[in-house]
Structure formats: C-alpha cells, structure tokens
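Student: From the sequence below, what's the structure:
(one chain, ligands or ions: 2)
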Amino acid sequence: MEGSAKDFKSVGLNDEMLDNLKSLGYLKMTPIQEKGLPLILSDQDFIGQANTGSGKTAAFALGILSKLDVTNCSPQALVIVPTRELAEQVANEIRMLARFRSNIKVLTMSGGLEEHLKIKSLKQGAHIIVGTPGRIIKLFETGMLVANDIKILVLDEADRLLEMGSIEEINRIASFTPLNRQTMLFSATFPNGIKKLSASIQEDPAQVTIDSQHQINTIEQLFFKVDGHKNDALLRVLRQYNPESCIIFCNSREICKKVAAYLGSKNMVVLQIHSDLEQPERTLFLLKFDNKSCRILVATDLASRGLDVKDVAAIINYDLPCNHELYVHRIGRTGRAGKKGLALSLYTENDCTILENISDYLKLECQTIELNDLEKLRQNAIRPCMSTIYITGGRKDNIRPGDILGALTREAGLKSEDVGKIHVLEVNSYVAIANDKIEHAIEHLNLGKIKGKKFRVGKA
Ligand code: ADP
Ligand code: MG
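Tutor: Numbers count the residues shown, from 1 in each chain. Ligands and ions are numbered 1, 2, ... in the order given. Just a heads-up that it's a prediction; the model follows:
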C-alpha cells in the first residue's frame, strides 16, 4: 500500500486492537478505512463505496468491535450479507479482528445443516450476528433473535443484496431493530436502488466513495475478438498467459459446465463454482483453489460473489458480463492489495455495445489483441504442482496447523516446501502436498497419529 497511508493508531483504536491488527499484518489503513473509520466510529449512519478487495469488512468490523459491550451477551450488531458463504467469510474476518479479547462471540445465521446448533448457540448469547436476509427475517419473526440491544446494522454488498432480494426485505429487517441504531451500508457499485434503500433506512448518512480508478489502473486489461470457437480462443489465451491462478467467468452455469469439461479434456485441472453445488463441495473447491492444488476456477457471477480469494493472477471473461458494473466486480478479483492484476476478456461481434459501455465507464481505451498474434504452439497445461489430502480431524479434536505440519515433516519426513497451505476446519482438515509426495504422505499419516489420535487420511 502507498507510503502515505496512515496507520490505525490515528483513528484512536485501543492498544489491544492495534496490537492485534499488527499481528494480522494490517499495518496501514486502506483508503476506505482511512476515510470511513472516523465517521463510523462517530456513530453516524454511513455509506461506503469502494471496489472489491478494498477492506470494507474491517472498516465496519472495527467500528462494531470498538463499540461492543462484551459483558452484554445479547446481539449488539447485525451484519446482513447476500450469501451463506459470505456470511462465513465476514464472520471469520470479524473473529480475527476480535482476537484482542477472548470472549467475543460472532455467529453466522444463514441456513444450512447446522442451523439447529446455531440456534442453540444463539440462545446462549452472541455479540455479533452475520446472516442472510431470509434467515434473519425468520429468526426475528419467530422471536429467536431479539433485537433490543442492536446498536449497529450493517448491509454488506448492498448492491448484491438488492439484486438477490428486495428493498422490502431489508426494510423488514430494519423494522425489527431499534430506531436509534447506526446503519451502515457497503457496496462496490452504486446503482439507483441503493439510494432508495439508503433513504428508507438511514438518517443523514455520511458517504465515502473511493475511486476505483486507482485499483483498476493496476490491472492490465486485454480484449480478444473471437470469430471462431470460443473454447479454442480460451485455450490459446490460457496457454499464452499461463497464469499461476485464474478465475474464468461465464454467464451461466451451463456454460460453466461446458467450459470446465472442455478444459478437463485438455488435461487441465479445473474446478467449477456455480449454484448447482452443495455447500461442502463448494467449500472444498474454494479451499483447493486457495491452497494452489487447482489453478483454474470456472465460475458464474452469482456463485463467485464476495469470495475473498486472494492473489488471483488473472481473471478471464469467457463471456463478457451483461453490464459494466459486473465487469468491474469480476476484474476486481485480480490485482488485490496493490498487486498487479491481469484481466483477459473474450468478446464476439455481438458484444460491441457492452464493450463500449465498459470503455466509457472506465475511461479506458480497450486494448484488443488478435488471437492470431498469439503464439500457436504454446502447450502450457496449467497443471498445479500440489494436490490436497483430507484428514478426518479438525478443530473439534483441538488440531492446529502446526500439529499437522509436525506430523508431515517429522513423522512422514516431508520437507516443509513439500507442504502447502493447511486448512483446519471444524471436523476435517485439508493440506496441500507436492504431487510427488502425496502417496508417501497419505501412507505415513494413516500409520501415525496426530495429537495422539488416529485419523483417516486420503486424497480429497
Ligand atoms: P471488500 O469487502 O472491500 O471486498 P475485504 O474486506 O474482503 O474487501 O478485504 C480484502 C482483503 O484485504 C482481506 O483478505 C482482508 O483481510 C485484507 N485487508 C483488509 N484491510 C487490510 C489492511 N488494512 N491491511 C492489510 N490487509 C487488509
Ligand atoms: Mg466485502
């Protein structure tokens, strides 16, 4: 981040919070944090507009955390997000930021299998609730969620909330919460609906808009005109640029499936994220992408919303999106946190209008490249050098990443560079292992123990 960026101290967070931020590597505020936090901390209603990956979560999370009365176990902040997955991500970020105190409870309420456990947990008390609209309305209606002490209501990804639901839904949620609350609204784009929404639930909000130009400028955007087969074009583009990791965006899940099947037939390792997937599969796929045992993710917009997948080297628009806002969302997945990004878009004759819209909106001279100018013979297969193994033990067994790394390096004799990212989840853990060590690792872990216990281990 730029040298001129301020550190968190300047907005007056307490020392414990500052230490924790430091330990997380949050040394400087992002622009939305720097401009937004003083207003957020002053209890004003707030609208924050900044592109994806700009640190909006921490902006409101730090606001919430600094106003929390930890001795009061009823919900004091409610964060509404469009999807279940985002609920988990936002809750996790808040939990990380909440580590400066040991007993802050953050609960997600967004449907799914463990909902009855969550309700039990809710009854025992929680400080911060992160949930999806439908679920939260139900909980209010059934009296399961009590809003008396809610001081802060946050609508995260408000543009997405409106696309997937309605203003009425959000109004309904707001109507359950106390009038003297602080209402914050965050969004990457600012369509008209947001103004209406704000007018109906906010009072005299302060607004901070961070120009996305700065980030967009760090993304190299190239456009490829396709006359023949799109799949051929995609393959050539992929082989030419050989990205370390990439998300390929398609306009429907049917197209996703076809593209994934095609790339699979070319010997590439590909995962798809679309609405046909069950949650556990989705989690596993994202985890594999994150731990680098898969370099290519094929996704629809809906399914990829709000994902905090870090460091995507490139995004590819297999189809151009139907509007420029979606385009900005998509390319915002690459070039995060000041890194250089790459956005490669295929387009056909029919896409000329949208292409113009994009170029007008971004004040960008679209740089088109002839597919024929790409080298024909590049054969990069874009295969990962890691694969993922599962271990049937997780947080519930008190396993930590260090325990797994220890078992792999000491007992199985792997070098630490053969071990990639380790994800310890509630019941299972997943580890990326160098492809040529995978059988060896599985065999040894199955024979040995982790934290004194035996677990099953296999290829995920
Ligand atoms: P947004 O909601 O604006 O799309 P996120 O809140 O998901 O973006 O943040 C994107 C990433 O940046 C996250 O991985 C988050 O942990 C990280 N991040 C946020 N604020 C900071 C900061 N001040 N310094 C370093 N990293 C940060
Ligand atoms: Mg966000």
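Student: Helices along the stretch 151-300 of the chain, start to end?
Tutor: Remark: helices assigned in the stretch 151-300 of the chain by DSSP state H, counting those that start in this stretch are 158-164, 167-176, 192-201, 213-217, 230-241, 253-265, 279-290.
Student: would CSV of those helices with mean pLDDT and mean neighbour count be doable?
Tutor: (Each C-beta comes from the backbone N, C-alpha and C, glycine too.) Converted to CSV, the helices of the stretch 151-300 of the chain look like this (pLDDT from 0 to 100; neighbours: other C-beta atoms under 10 Å):
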stretch, mean pLDDT, mean neighbour count
helix 158-164, 88, 22
helix 167-176, 95, 16
helix 192-201, 93, 16
helix 213-217, 67, 16
helix 230-241, 93, 19
helix 253-265, 95, 17
helix 279-290, 88, 18
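Student: Which one, of those helices, ends up nearest to Asn435?
Tutor: Closest to Asn435 of the helices of the stretch 151-300 of the chain, according to C-beta to C-beta: helix 279-290, at 13.2 Å.
Student: what sits up against that closest one?
Tutor: 84-85, 112-113, 245, 271-273, 277, 294-295, 297, 303, 307, 309-310, 388, 421, 423, 425, 430, 432, 460 (C-beta atoms under 8 Å, 6 or more residues apart in numbering).
Student: Just the residues you listed: which are in strands?
Tutor: Within the contacts of helix 279-290, residues falling in strands by DSSP state E are 271-273, 297, 388, 421, 423, 430, 432.
Student: out of those residues, what pair is the most spread apart?
Tutor: Gln272 and Lys421 (20.8 Å).
Student: more crowded one of the two?
Tutor: Gln272 (25 against 16; other C-beta atoms under 10 Å).
Student: quick one: that one and Lys258 touch, right?
Tutor: No. With contacts counted by C-beta atoms under 8 Å, Gln272 stays clear of Lys258, the gap being 10.2 Å.
Student: Can you list phi and psi of Gln49 for me?
Tutor: phi -120, psi 120 (degrees, to the nearest 10).
Student: Can you report how many residues neighbour the nearest residue to it once chain neighbours are set aside?
Tutor: Nearest residue to Gln49 in three dimensions, chain neighbours excluded: Thr209, at 4.5 Å (C-beta to C-beta, 6 or more residues apart in numbering). When neighbours are counted by other C-beta under 10 Å, Thr209 registers 13.
Student: This structure against ligand 1: which residues are in contact?
Tutor: 25-26, 29-30, 33, 50, 52-58, 93, 308, 310, 337 (C-beta under 6 Å from any ligand atom).
Student: re the thing from before, out of the ones in strands among the contacts of helix 279-290, which one has the weakest pLDDT?
Tutor: Among the ones in strands among the contacts of helix 279-290, Ile273 carries the weakest pLDDT, at 88.
Student: ok, which stretches of the stretch 301-450 of the chain are helices?
Tutor: Going by DSSP H, counting those that start in this stretch, the stretch 301-450 of the chain shows helices at 301-304, 324-331, 352-361, 401-406, 438-447.
Student: Flag the helix or strand of the protein with the lowest per-element mean pLDDT.
Tutor: helix 213-217 (a mean of 67; mean pLDDT, DSSP states H and E).
Student: Output the below-cut-off pLDDT ranges for the stretch 251-400 of the chain.
Tutor: 305-308, 310-311, 336-338, 375-378, 380 (pLDDT under 70).
Student: Then the stretch 101-250 of the chain?
Tutor: Those would be 113, 212-215, if you go by pLDDT under 70 across the stretch 101-250 of the chain.
Student: Verify the contact between Pro75 and Ile128 for me.
Tutor: Yes. Using C-beta under 8 Å, Pro75 is in contact with Ile128, at 7.0 Å.
Student: What about the ones in strands among the contacts of helix 279-290, which one has the most neighbours?
Tutor: Leu297 (28 neighbours).
Student: Endpoint to endpoint, stretch 263-277 covers what distance?
Tutor: Using C-alpha to C-alpha, to the nearest Å, one end of stretch 263-277 lies 19 Å from the other.
Student: Repeat that for stretch 365-382.
Tutor: So stretch 365-382: terminal residues 30 Å apart, C-alpha to C-alpha.
Student: In that stretch, which residues are buried?
Tutor: Across stretch 365-382, burial judged by 16 or more other C-beta atoms under 10 Å covers 371, 382.
Student: Identify the residues contacting it?
Tutor: Contacts of stretch 365-382 (C-beta under 8 Å, 6+ apart): 221-226, 233, 236-240, 242-243, 266-269, 295-296, 355, 358-359.
Student: Which among those residues count as buried?
Tutor: Counted by 16+ other C-beta under 10 Å, those give 221, 223-226, 233, 236-240, 243, 268-269, 295-296, 355, 358-359 as buried.
Student: returning to that earlier point: can you tell me how far the residue nearest to Gln49 is from ligand 1?
Tutor: From Thr209 across to ligand 1, the span is 13 Å (C-beta to the nearest ligand atom, to the nearest Å).
Student: I'd guessed that residue sits against Ala50; true?
Tutor: Yes. With contact defined as C-beta under 8 Å, Thr209 reaches Ala50; the gap is 7.4 Å.
Student: Next up, the contacts around Asp227.
Tutor: 348-349.
Student: Please disregard the earlier target; I meant Tyr347.
Tutor: If you count contacts by C-beta under 8 Å, 6+ apart, then Tyr347 has 223-226, 317, 320, 355 around it.
Student: Which ones among those map onto strands?
Tutor: 223-225, 317.
Student: Of these, which pair is most distant in space?
Tutor: Lys225 and Asn317 (12.7 Å).
Student: ok so, going back, tell me which of the contacts of Tyr347 is nearest to Ser102?
Tutor: Asn317 (45.1 Å).
Student: And for that closest one, nearest residue in space, chain neighbours not counted?
Tutor: Counting by C-beta to C-beta, 6+ apart, the residue nearest Asn317 is Ser345, at 3.9 Å.
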